[in-house]
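Colleague: need a 3D model of the following:
(one chain, ligands or ions: 2)
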Amino acid sequence: MRYIADHDFHIHSTVSRCCHDESQTPDAILDYAKENGFKKICLTNHFWDNTVKSEADWIDEHDFSHVSSVLPLPSDNNIEFLFGCETDMDFNNVLGISRERFDAFDFIIVATTHLHLEGNTVRTKISTPEEAAFHWVDKLEKLLVKDLPFHKIGIAHLTTGHILKNQTAEALSLIPDATMYSIFSKCSDKGVGIELNVKTINLTDEQKNIILRPYIIAKECGCRFYLGSDSHKASALACAKENFEDIITQLNLKESDKFIIHP
Ligand SMILES: [Zn+2]
Ligand SMILES: [Zn+2]
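Modeller: Ligands and ions are numbered 1, 2, ... in the order given. Below you'll find the predicted structure:
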């Protein structure tokens, strides 16, 4: 049975300081879910736990009192609206959520590819595909050895343009298949969700071969996938479903490939 696009587990609202669309409210996000026939959605604003010490710059911007100001989320009889977050690992590989805080969220997305955030995710600016490829691998490996409740964790946007401006494809091409198999075998063992939000619709075949390779390998390794638009604005919500359907087709995903959140 074909994978059903019935959810979106990566959505930002105005609580994220990088969301500049005032109309991106929880009510508008619930409407988006209704219009697209989704059964489950998750609000995942950026989060850095103020109890976690870090040398990075971002600490005070998205603490728990800030991200939880959206609660209670609007409800609907047919849609489960989950409360999640998107956290980071700093340049010392400190994760932005304390062990105790995992219970406060239904789902936690970890972004390992915000490589454009020097001073936070990486210590200094990344300027070559080689450096970007190194950090892509290194951050995932550092995350996967942590003792975490991986069944409620998703790994965000593994092929985002944030890996290296205009050179994300070059960086990804440098990572050998064997390294990807090693990483995604661990992801599969841990039961962590792999996010799908790459916009495949406008890619050339050559670009698709590069951008989809991690997901194809992840699928072979038995990983489970969730859809996440990473929308920061209403216009991004508007085209999310079409994009989801395309990537499901590209990867030939089945319902058995789906990552499910059990809050
Ligand atoms: Zn992100
Ligand atoms: Zn995001």
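Colleague: going forward, measure contacts and count neighbours with C-alpha atoms only.
Modeller: Fine.
Colleague: what about the helices in this structure?
Modeller: Listed in chain order, the helices of the chain (DSSP state H) span 26-35, 64-67, 129-144, 168-173, 177-190, 205-220, 234-238, 240-251.
Colleague: with distance to His157 and mean pLDDT as added columns, please give these in a markdown table.
Modeller: Putting the helices of the chain into a markdown table (distance: least, Cα to Cα, whole Å; pLDDT from 0 to 100) gives the following:
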| stretch | distance to His157 | mean pLDDT |
| --- | --- | --- |
| helix 26-35 | 20 | 96 |
| helix 64-67 | 21 | 94 |
| helix 129-144 | 11 | 98 |
| helix 168-173 | 12 | 96 |
| helix 177-190 | 14 | 98 |
| helix 205-220 | 11 | 96 |
| helix 234-238 | 15 | 87 |
| helix 240-251 | 13 | 96 |
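Colleague: of all these, which lies closest to Ala56?
Modeller: Minimum separation from Ala56 across these (Cα to Cα) falls at helix 129-144, 15.6 Å.
Colleague: and that closest one, what does it pack onto?
Modeller: Identification of packing neighbours for helix 129-144 by 3 or more Cα pairs under 8 Å, 6 or more residues apart in numbering; DSSP states H and E yields helix 168-173, helix 177-190.
Colleague: pick the most deeply packed of those.
Modeller: helix 168-173 (a mean of 20; mean count of other Cα atoms under 10 Å).
Colleague: burial measure for Ala236, as a count.
Modeller: Neighbour count for Ala236, taken as other Cα atoms under 10 Å: 13.
Colleague: excluding chain neighbours, what is closest to it?
Modeller: Ser229 (7.6 Å; Cα to Cα, 6 or more residues apart in numbering).
Colleague: surely that neighbour and Ala5 touch.
Modeller: No - with contact defined as Cα atoms under 8 Å, Ser229 and Ala5 do not form a contacting pair (11.5 Å).
Colleague: quick check, central residue of the chain?
Modeller: Closest residue to the average C-alpha location of the chain: Ala156 at 2.0 Å, with Cα atoms, centre = their mean.
Colleague: so it is in contact with Thr112, correct?
Modeller: Yes - between Ala156 and Thr112 there is a contact under Cα under 8 Å: 7.1 Å.
Colleague: the longest strand along the chain - contacts with which helices or strands?
Modeller: As assigned by DSSP state E, the longest strand anywhere in the chain is strand 80-88. Counting contacts by 3+ Cα pairs under 8 Å, 6+ apart, strand 80-88 packs against strand 40-46, strand 107-111.
Colleague: right, and those - which one's nearest Asn202?
Modeller: strand 107-111 (24.1 Å).
Colleague: how about residues contacting the closest one?
Modeller: With contacts defined as Cα atoms under 8 Å, 6 or more residues apart in numbering, strand 107-111 is touched by 10, 42, 44, 82-89, 102, 152-157, 261, 263.
Colleague: distance from the chain centre to that strand, please.
Modeller: 6 Å (Cα atoms, centre = their mean, to the nearest Å).
Colleague: can you list the strands that that strand pairs with?
Modeller: strand 80-88 (parallel), strand 153-155 (parallel) (DSSP bridges).
Colleague: need these in TSV with distance to Phe184 and mean pLDDT, can you?
Modeller: Formatted as TSV, the strands paired with strand 107-111 follow (distance: least, Cα to Cα, whole Å; pLDDT from 0 to 100):
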stretch	distance to Phe184	mean pLDDT
strand 80-88	19	97
strand 153-155	11	98
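Colleague: any chance of JSON lines for those, columns distance to Glu35 and mean neighbour count?
Modeller: Output for these, formatted as JSON lines (distance: least, Cα to Cα, whole Å; neighbours: other Cα atoms under 10 Å):
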{"stretch": "strand 80-88", "distance to Glu35": "14", "mean neighbour count": "23"}
{"stretch": "strand 153-155", "distance to Glu35": "25", "mean neighbour count": "25"}
